[in-house]
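Trainee: what's the 3D shape of this:
(one chain, ligands or ions: 2)
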Amino acid sequence: MNVLVTGSGGQLGQCIDKIKNEYPKLTLFFANSTILDITKKDRVSDFFEDKSFDFVINCAAYTNVEQAEKEPDKAFLVNAEGVKNLAFICEEKKSTLIHISTDYIFDGEKKMPYTEEDIPNPINEYGKSKLAGEQSIQQIAEKYFIIRTSWLYSEFGHNFFKTILKKSETEKQLTIVTSEMGTPTNANDLAKFVLDLIINNNQKYGIYHFSNLSEATWYDFAKEILRVSGKLDTIILKKTDNYPTFARRPKYSILSKQKLNSAFNLDILDWKNSLINLYSSIR
Ligand SMILES: NC(=O)C1=CN([C@@H]2O[C@H](COP(=O)(O)OP(=O)(O)OC[C@H]3O[C@@H](n4cnc5c(N)ncnc54)[C@H](OP(=O)(O)O)[C@@H]3O)[C@@H](O)[C@H]2O)C=CC1
Ligand SMILES: Cc1cn([C@H]2C[C@H](O)[C@@H](COP(=O)(O)OP(=O)(O)O[C@H]3O[C@@H](C)C(=O)[C@@H](O)[C@H]3O)O2)c(=O)[nH]c1=O
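Mentor: Ligands and ions are numbered 1, 2, ... in the order given. The predicted structure is shown next:
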């Protein structure tokens, strides 16, 4: 099977690249933003002209939540317009589109895990742009998976895990929010889920929620990062319910895995166990 990975230079793209040899039945093509800018409709058409992909995994996105408040047009260009271009070409070429979306499409006012049936109501520009992308896919494509995930981290790219490790090298005290609850998700686990989905040729198309298990505040996540890295005793960790940011973030964004579990036979790790696995594999 031929599989295209767009936005392959990012965090998730690199996690997929890392495990590609475990999937010898897949021929993976990695296209970073220089090779394929998904916002350029003509370029997307040209790129697909002489190639045929069974699956397109869209890892391309504008993911800077803070900056999106200042330049929403840029976020919408990639996360809505770019995604629309991919949806059209996948529909035309009969490729299955696997698109990654986010917990930030929800407003966080719920007090129990969000299901795929819950109505999105994003409270920041990034979330709004990601929701617009989802809606385009649903309108245009027939064969698609929209995988909503949350709080991705890994050894690659920019993420909270790497930020905390870096800050712990230079700062004596860290102040972290307790007012947002979600689930940290190891992007390597998501990469494996996506490639398994392709290998198993599953055709139960639609929206799914994928994250590691259990829940945490960003404070809990930071504490665990410091614990696994052996730095908890050397850093003063302070709680706050008011860390200054431009973007509002959902207070609660746990994703229910009920639909995922009924559709696929999965063994998802608890976020703390997956964090330990990652740290021991990279140190
Ligand atoms: N990171 C997280 O915490 C979460 C992410 N998600 C979603 O998961 C997906 C993967 O995220 P992640 O890997 O962390 O994101 P990254 O920001 O690490 O990677 C995104 C990639 O998209 C590329 N890109 C940006 N604009 C374009 C464009 N116009 N055409 C092609 N490529 C482009 C970027 O390239 P360049 O750097 O060259 O611009 C970058 O390599 C995204 O859809 C994101 O919304 C969902 C929940 C949580
Ligand atoms: C670095 C730092 C952040 N924070 C707070 C700010 C914010 O409320 C929260 C998370 O901060 P970040 O900006 O690192 O994370 P953020 O960019 O909001 O992460 C989000 O990214 C997008 C792409 C997603 O799709 C989401 O699922 C989610 O992972 O932690 C602190 O309290 N102290 C700190 O030292």
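Trainee: Look up phi and psi at the closest residue to ligand 1 within the chain.
Mentor: Closest contact between the chain and ligand 1, by CB to the nearest ligand atom, is at Gly10 (1.9 Å). Backbone N, C-alpha and C define where each C-beta goes, glycine included. Dihedral angles phi and psi of Gly10 (degrees, to the nearest 10) take the values phi -80, psi -170.
Trainee: can you pull the contacts of it?
Mentor: By CB atoms under 8 Å, 6 or more residues apart in numbering, Gly10 lies in contact with 59-61, 63, 156-157.
Trainee: As JSON lines, the residues you listed with distance to Glu180 would be great.
Mentor: Converted to JSON lines, the contacts of Gly10 look like this (distance: CB to CB, whole Å):
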{"residue": "Cys59", "distance to Glu180": "24"}
{"residue": "Ala60", "distance to Glu180": "26"}
{"residue": "Ala61", "distance to Glu180": "20"}
{"residue": "Thr63", "distance to Glu180": "17"}
{"residue": "Phe156", "distance to Glu180": "23"}
{"residue": "Gly157", "distance to Glu180": "21"}
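Trainee: and ligand 1, which of the residues you listed contact it?
Mentor: Counting by CB under 6 Å from any ligand atom, 59-61, 63, 157 from the contacts of Gly10 sit close to ligand 1.
Trainee: now for these, which pair is the farthest apart?
Mentor: Maximum pairwise distance in the ones next to ligand 1 among the contacts of Gly10, criterion CB to CB, is 12.8 Å, between Ala60 and Gly157.
Trainee: where along the stretch 51-200 of the chain do the helices fall?
Mentor: Ranges of helices in the stretch 51-200 of the chain, per DSSP state H, counting those that start in this stretch, are 65-70, 72-76, 83-93, 125-140, 160-170, 187-199.
Trainee: Dump the ones you listed into a markdown table; add mean pLDDT as well.
Mentor: Output for the helices of the stretch 51-200 of the chain, formatted as a markdown table (pLDDT from 0 to 100):
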| stretch | mean pLDDT |
| --- | --- |
| helix 65-70 | 98 |
| helix 72-76 | 98 |
| helix 83-93 | 98 |
| helix 125-140 | 99 |
| helix 160-170 | 97 |
| helix 187-199 | 98 |
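Trainee: so can I have JSON lines of those helices showing mean neighbour count and distance to ligand 2?
Mentor: What follows is those, written out as JSON lines (neighbours: other CB atoms under 10 Å; distance: least, CB to the nearest ligand atom, whole Å):
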{"stretch": "helix 65-70", "mean neighbour count": "17", "distance to ligand 2": "4"}
{"stretch": "helix 72-76", "mean neighbour count": "18", "distance to ligand 2": "10"}
{"stretch": "helix 83-93", "mean neighbour count": "21", "distance to ligand 2": "14"}
{"stretch": "helix 125-140", "mean neighbour count": "22", "distance to ligand 2": "6"}
{"stretch": "helix 160-170", "mean neighbour count": "15", "distance to ligand 2": "4"}
{"stretch": "helix 187-199", "mean neighbour count": "21", "distance to ligand 2": "10"}
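Trainee: wait, which of those helices is closest to Lys41?
Mentor: Closest among the helices of the stretch 51-200 of the chain, using CB to CB: helix 83-93, at 5.0 Å.
Trainee: can you pick the most crowded of the ones next to ligand 1 among the contacts of Gly10?
Mentor: Ala60 (28 neighbours; other CB atoms under 10 Å).
Trainee: Got the confidence number for the nearest residue to that residue once chain neighbours are set aside?
Mentor: Once flanking residues are discounted, Ala60 sits nearest to Gly7: 2.8 Å by CB to CB, 6 or more residues apart in numbering. Looking at Gly7, its pLDDT stands at 98.
Trainee: Give me the neighbour count for Gly7.
Mentor: 25.
Trainee: Let me know whether Val177 touches Tyr243 as I believe.
Mentor: Yes. The pair formed by Val177 and Tyr243 meets the contact definition of CB atoms under 8 Å, at 4.5 Å.
Trainee: out of these two, which sits in the busier spot?
Mentor: Ranked by neighbour count (other CB under 10 Å), Val177 and Tyr243 place Val177 first, with 18 against 14.
Trainee: Kindly state the beta-bridge partners for the more buried one.
Mentor: Counting by DSSP bridges, Val177 forms beta bridges with Thr240.
Trainee: any idea how far it is from Asp241?
Mentor: Distance, Val177 to Asp241, by CB to CB, to the nearest Å: 7 Å.
Trainee: just Lys40 next, same as before
Mentor: On the measure of CB to CB, Lys40 and Asp241 end up 43 Å apart.
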